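**Student:** Quick one: sequence and predicted model below, then my questions.
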Amino acid sequence: MKSVRYGWDKLTGVQQWMCEHILGIQPADENEKPKPRTSQADRWARNYTAAQQYYEREGHLRVPRKHVERIVGEDQEERELRLGAWISNQRSQAATLSPERVEQLSAIAMRWT
C-alpha cells in the first residue's frame, strides 16, 4: 500500500480513482514520502569533505578506525560519518579508485600503506 501511496503520480487516472473510491487509499503527503537516495558520488564527496575537515583540524589523515566525524552538509543538516572506516576502505580499494580520487586523497596527506 505504501508503494501505491508514494507512487501516486505514476498511476493512471483510472487507477487513482479506483484506489480512492474503491480501496480508500489516498496519495501520500510530501512530508510522508521518503527522501531520495543519495548517489555513490555524493556519498564519496560527503566523506571526502569530512576527510578534508579532519586533515585541516589534525594535520594528518591517521584516522582511528572507529572515529566518527561530524559535518554540516550543503542542506545545513548535521551528519555523523564513520570517517575512520571510510579511510580504511579507501586504502584497501586504492587499486580500484579513479586517478582523480587517488590524487584528491593524496593532496590531503593520505597514507596508502
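**Tutor:** Structure received.
**Student:** Assign the residue nearest to residue 1 when sequence neighbours are not counted to helix, strand or coil.
**Tutor:** Once flanking residues are discounted, residue 1 sits nearest to residue 25: 6.3 Å by CB to CB, 6 or more residues apart in numbering. Every residue, glycine included, has its C-beta placed from N, CA and C. Recorded secondary structure, residue 25: coil (DSSP: H, G, I helix; E, B strand; the rest coil).
**Student:** Same question for residue 70.
**Tutor:** Here residue 70 is strand, with the state taken from three-state DSSP.
**Student:** what's the answer for the one 5 residues further on, then?
**Tutor:** The local conformation at residue 75, judged by three-state DSSP, is coil.
**Student:** what about it, distance to residue 42?
**Tutor:** Relative to residue 42, residue 75 is positioned 11 Å away (CB to CB, to the nearest Å).
**Student:** Counting neighbours, go ahead and name the busier of these two.
**Tutor:** Shown here are residue 75 and residue 42; by other CB atoms under 10 Å, residue 42 has more neighbours (12 against 6).
**Student:** Work out for me the element the more buried one sits within.
**Tutor:** Per DSSP states H and E, residue 42 falls inside helix 40-58.
**Student:** quick one: buried residues of that helix?
**Tutor:** For helix 40-58, the buried set under the neighbour-count rule, 16 or more other CB atoms under 10 Å, comprises 44, 46-55.
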